[in-house]
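Colleague: coords please:
(one chain, ligands or ions: 1)
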Amino acid sequence: MIEVAFQSYPDRETLMRSLAELVADQLRAAHATKETATLAVPGGTTPGPFLSALSEADLPWQGIRVLPTDERRVSEFSERSNHRLIADTLIQNRAAKADLVSLHEPLIGSLEKRVEAVLPIDVLVLGMGDDMHTASLFPGAPELGAALAPGAPAVLEITPPSQPEARLTLTAPVLRAADVIHVLITGPDKLAAFEKARAGGPEAEAPIRAVLTAPAPVTVHYAE
Ligand SMILES: O=C1O[C@H](COP(=O)(O)O)[C@@H](O)[C@H](O)[C@H]1O
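Modeller: Below is the predicted model:
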């Protein structure tokens, strides 16, 4: 059984607001020592209210780089683009001055350089699917083994058979090297998936395990 901190909230609104306050405090501390900070955030259907709440935080946003944990190979204007979600929710209000790093880049070599330039991640927020994928580390993807390997490049293209389009994902070594890690989940299906992942089994079937076993402090934040 993997031991990680688990924080349960009475409702989703409290979860999103509390996590935004916590992440803002951690970014402030990281920026105070380095005059810059990198925040990585997920896309998908869950984090919108968290990202919107964080956009109001009083932070030196002009020194903060925001990196999507993963992206779909779609136009950055597509409703399926994580970049678009992050731009429409987080890169607003006070956070409009932050630098949003785009993963929309056809050439993987150029993308790798772009991502490496903002590493390591100071504060990492991840989502998780009911299938125990995190970022775009999907069970069943032919490239999963390469993305979980200790020597993986920072970012990889991945083609999960379960998904309609190819993905770009930060790889396990980059995620595991973050200074602090939060996993944001809502609803009983994701809670059951988290319990299954922490109970055991190979990372190939439960890629989130690669993050739950990271050396950094990991907290799972949950509301029904
Ligand atoms: O495909 C993705 O899935 C996960 C979880 O998304 P959700 O819609 O179940 O909240 C997300 O963390 C990831 O960034 C996204 O690309």
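
Colleague: around Glu157, how many other residues sit close by?
Modeller: The local packing of Glu157 (other Cβ atoms under 10 Å) involves 15 other residues. The C-beta positions use only the backbone N, C-alpha and C, and glycine is treated the same way.

Colleague: with just CA atoms, put the helix or strand harbouring it into CSV.
Modeller: Secondary structure assignment for Glu157, by DSSP states H and E: strand 155-158. Output in CSV follows, covering the C-alpha atoms of strand 155-158 (Å, rounded to 0.1, in the frame of the first residue of the first chain):
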residue,chain,number,x,y,z
VAL,A,155,8.1,15.3,-23.0
LEU,A,156,6.9,12.5,-25.3
GLU,A,157,4.2,12.0,-27.9
ILE,A,158,1.9,9.2,-26.9
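
Colleague: pull up the pairing partners for it, direction included.
Modeller: strand 167-170 (antiparallel) (DSSP bridges).

Colleague: so which bits of the strand it pairs with are buried?
Modeller: Arg167, Leu168, Thr169, Leu170 (16 or more other Cβ atoms under 10 Å).

Colleague: and the helix or strand following it with the ligand, contact?
Modeller: Counting by DSSP H and E, the next helix or strand C-terminal to strand 167-170 is helix 172-176. No. Helix 172-176 does not reach the ligand (Cβ under 6 Å from any ligand atom); its nearest approach is 11.5 Å.

Colleague: for stretch 5-21, same thing?
Modeller: No. Judged by Cβ under 6 Å from any ligand atom, stretch 5-21 stays clear of the ligand, getting no closer than 12.0 Å.

Colleague: list the buried residues in that stretch.
Modeller: In stretch 5-21, counting by 16+ other Cβ under 10 Å, buried: Tyr9, Arg12, Leu15, Met16, Arg17, Ser18, Leu19, Ala20.

Colleague: OK, contacts around the first one?
Modeller: Read it as Tyr9. Leu15, Ser18, His221, Tyr222, Ala223 (Cβ atoms under 8 Å, 6 or more residues apart in numbering).

Colleague: pLDDT added to these, as TSV?
Modeller: Below are the contacts of Tyr9 laid out as TSV (pLDDT from 0 to 100):
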residue	pLDDT
Leu15	98
Ser18	99
His221	98
Tyr222	98
Ala223	98
